[in-house]
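> Pasting the sequence and the predicted coordinates here, then a few questions.
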Amino acid sequence: MRHLSKKQGTLWVKCLALPLSLGCWGVSEARTLTLEEYLSQVRSSNQSMKSAQASIEATRQRENSSDLITTPQAFGQVAHTVDEKPPSSFLSGDKMEATSYSFGVQKIWSFGLQSQISYNVNQVELEREDIPTALGVGGNGALIPNPLAALNDESLKKFAEGRTQLDLVQPLWKNWLGREYDLTRETTQAKLSAQRQGEQYKIKAMLAQAEFIYWQLALATDAVRTQEGALVRFQKIRDWVKNRVNMSLADRADLLQAEAGLKARRFELEITERDRTSLQRTFNSLRSVPGDRLDADVMPISSRMLSDMSMAAGSIKRLDIEVARSLEKAAESEVQQWREKFKPDVSIFGSYAMNSRDDSLGTAASDAFKSDKPTMIIGVKFSTPLDRDLINRERQGLVKASESARLDREQKEFNARQEWEDLMRQLSDARTRLQLANEIESAQKQKLDYEKNRLERGRTTTYQILLFEQDYASAQLGTIKAKADILGIIAKLKSFGDAA
């Protein structure tokens, strides 16, 4: 019975220990955040990234904004007029009251034609004294009729007018075939393209920076592990030397040397951890997460991964050069636009109207579409600015601005070509240095392991083993620095190529 209860007690202990062990296993198995997941978080959470994406979308929505020039427009007006000023003639009347209605559509066509069709209705009422029907008495005693008495007809005092009218204006010199509109469209689209490409370049740079910080954090974590490993090794050496000093098998100077080396490793570990904490804060800031605590680990990076890492960009093309090219095009269009704007304006214009008049407002309104009482106008108009000196100075300024944009684009292309070639050379050199650093690290580890065996046999000094430990730790950090150099160069190379 006692054996059974003991067995049951053991079973209960195992059952209670199982959840605890599972919980500990879950804590130790930290989640790994891949580079793709991290970049996705940066895209979706970084406010600067969101702003750039919104700006890109805004430029796409405004690509056709210059077409607003040729968009048809509707217009309309209702007005009531009361005029009681002293009449300029007896026909004007003492008071005039009118109500007018007008509406229509106007459009500027892509080839420069300005057109407008309108419909107008006016209802007029005049108040005036009647004109005498006779001018006087003739020699035969008969009344002499007054020919103006016909103006007393009520239809001349209260009437309605209707008009349907088409107006056309076609430029013959300035803005010929819509040249000014085309230049305005080109300038607007070039500026929008430059703005969009600038935002795309900003996004590309942000993602390259985020990727660089991701791998830098991975290397910083590796550096902390390296320093921790060195600290553990120094701790073991110090403890081993301390035991030998306690047994009077070694001099106290060896213990002091080991203590100094241990303190130096602790100091270097603290600096390395502080650098990693700073990178963790930057890592979180890029994805809009406060603080420096991480909710997941980053993937470690190996030397082989860096050696095999290839660039997506296969040319010197870079978005900041495309921005400069778009600005150059906009500057050139502005020069041409200015020349077109101040050309002499020679235009042919014409107007055709269908008129109606009746006592009834309804009849006048409906008869306004009949062509039996037309009004036709055709003519040519001319205008030109006179201060040509001021216009030429302004044009020369725009030409200088266009030349400046061209020179800026050429310099950016030259700098990009030089930077690309230099970075490719640096990348090749950095990969060679990484290979050498790996070989040095391997050699230093073999040397340290061999020296440890000699120390255990009492055939070397503590000072010598501490120097070898220092050499091995330096070799490990040298390998990490070589990896960091490669990642820095690759981050710069990612600014080349098309937009992501």
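On my side now, so go ahead. Fair warning: this is a prediction, and the values are worked out from it, not measured in the lab. Numbers count the residues shown, from 1 in each chain.
> Where does pLDDT dip in the chain?
1-30, 87-93, 128-156, 303-316, 461-463, 498-500 (pLDDT under 70).
> List the contacts of the residue most central in space within it.
Central residue of the chain (Cα atoms, centre = their mean): residue 199, 3.0 Å from the mean position. Contact partners of residue 199, counting by Cβ atoms under 8 Å, 6 or more residues apart in numbering, are 52, 53, 55, 56, 59. Where you see a C-beta, it was placed from the backbone N, CA and C, and this is true even at glycine.
> Tell me the buried residues in stretch 379-398?
Residues of stretch 379-398 classed as buried: 395, 398 (neighbour count, 16 or more other Cβ atoms under 10 Å).
> now the end-to-end length of that stretch.
End-to-end distance of stretch 379-398 (Cα to Cα, to the nearest Å): 35 Å.
> Angles on the backbone of residue 396, please.
Phi and psi for residue 396, reported as degrees, to the nearest 10, are phi -60, psi -40.
> quick revisit: buried ones from the contacts of residue 199, can you make that a ChimeraX selection?
Entered in ChimeraX, the line below selects the buried ones among the contacts of residue 199, by 16+ other Cβ under 10 Å:
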select :52,53,55,56,59
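> and the contacts of residue 199, which of them are in helices?
In this view, these that belong to helices under DSSP state H are 52, 53, 55, 56, 59.
> The fourth one and residue 41, how far apart?
Shown here: residue 56 relative to residue 41, a distance of 20 Å by Cβ to Cβ, to the nearest Å.
> Kindly report the same for the last one.
Going from residue 59 to residue 41 by Cβ to Cβ gives 25 Å.
> Buried residues, stretch 98-112. List them.
Buried, per 16+ other Cβ under 10 Å, within stretch 98-112: 98, 101, 102, 104, 108, 112.
> Please report the distance of the second one from residue 76.
What that stands for is residue 101. Distance from residue 101 to residue 76, by Cβ to Cβ: 8 Å.
> hey, where'd the strands end up in this protein?
32-33, 73-83, 95-108, 114-127, 134-137, 143-145, 158-171, 297-298, 345-358, 374-383 (DSSP state E).
> and of these, who's closest to residue 203?
With Cβ to Cβ as the criterion, residue 203 lies closest to strand 32-33 of those, at 20.7 Å.
> List the strands paired with that closest one, with their directions.
In the sheet, strand 32-33 lines up against strand 297-298 (parallel) (DSSP bridges).
> I'd like to check what contacts the partner strand. Which residues are they?
Residues contacting strand 297-298 (Cβ under 8 Å, 6+ apart): 30, 31, 32, 33, 38, 214, 217, 218, 221, 283.
> For the buried ones among those residues, write the corresponding ChimeraX selection.
Listed next is the ChimeraX selection for buried residues among these, using 16+ other Cβ under 10 Å:
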select :33,38,214,217,218,221,283
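> and the contacts of strand 297-298, which two are the farthest apart?
30 and 214 (16.0 Å).
> Pull up the gap between residue 54 and residue 60, please.
11 Å.
> which residues are in contact with stretch 176-193?
Here stretch 176-193 has contacts from 59, 62-63, 65-67, 69-70, 108-112, 174-175, 326-327, 329-330, 333-334, 336-337, 340-341, using Cβ under 8 Å, 6+ apart.
> and the residues you listed, which are buried?
So, by 16+ other Cβ under 10 Å, the buried ones in the contacts of stretch 176-193 are 59, 66, 108, 112, 174-175, 326-327, 329-330, 333-334, 336-337, 340-341.
> between these, which is closest to residue 496?
Among these, residue 326 lies closest to residue 496 (Cβ to Cβ), at 17.8 Å.
> May I have the residues that are in contact with the residue nearest to that closest one when sequence neighbours are not counted?
Nearest non-adjacent residue to residue 326, counting by Cβ to Cβ, 6 or more residues apart in numbering: residue 194, 3.7 Å away. Applying Cβ under 8 Å, 6+ apart to residue 194 gives the contacts 323, 326, 327, 330.
> Tell me which of the contacts of strand 297-298 fall in helices.
Judged by DSSP H, the contacts of strand 297-298 include 38, 214, 217, 218, 221, 283 as members of helices.
> Can you give me the buried ones in stretch 225-240?
226, 227, 230, 231, 233, 234, 237, 238, 240.
> Skipping adjacent residues, who's closest to the fourth one in space?
Right, residue 231. In space, and not counting its chain neighbours, residue 231 is closest to residue 265: 4.5 Å by Cβ to Cβ, 6+ apart.
> That neighbour: how many residues sit nearby?
By the criterion of other Cβ atoms under 10 Å, residue 265 has 23 neighbours.
> Contact partners for it?
By Cβ under 8 Å, 6+ apart, the neighbours of residue 265 are 227, 230, 231, 234, 473.
> Need the max-distance pair from those.
Between any two of the contacts of residue 265 (Cβ to Cβ), the greatest distance is 10.3 Å, for 227 and 234.
> Quick one: distance of stretch 336-344 to the chain centre.
32 Å (Cα atoms, centre = their mean, to the nearest Å).
> One more: stretch 63-75?
A distance of 25 Å separates the centroid of the chain from that of stretch 63-75, by Cα atoms, centre = their mean.
> Kindly check the end-to-end length of that stretch for me.
End-to-end for stretch 63-75, by Cα to Cα: 26 Å.
> any residues touching that stretch, and which ones?
So stretch 63-75 is in contact with 103-110, 118, 181, 184-185, 188-189, 192, going by Cβ under 8 Å, 6+ apart.
> burial count for residue 415?
Neighbour number of residue 415 under other Cβ under 10 Å is 13.
> Please report how far it lies from residue 402.
With Cβ to Cβ as the criterion, residue 415 and residue 402 are 21 Å apart.
> now residue 320
19 Å.
> same thing with residue 119?
Counting by Cβ to Cβ - residue 119 and residue 402 are separated by 47 Å.
> tell me the contacts of residue 262?
231, 234, 235, 238.
> run the last query once more with 6 Å
234, 238 (Cβ atoms under 6 Å, 6 or more residues apart in numbering).
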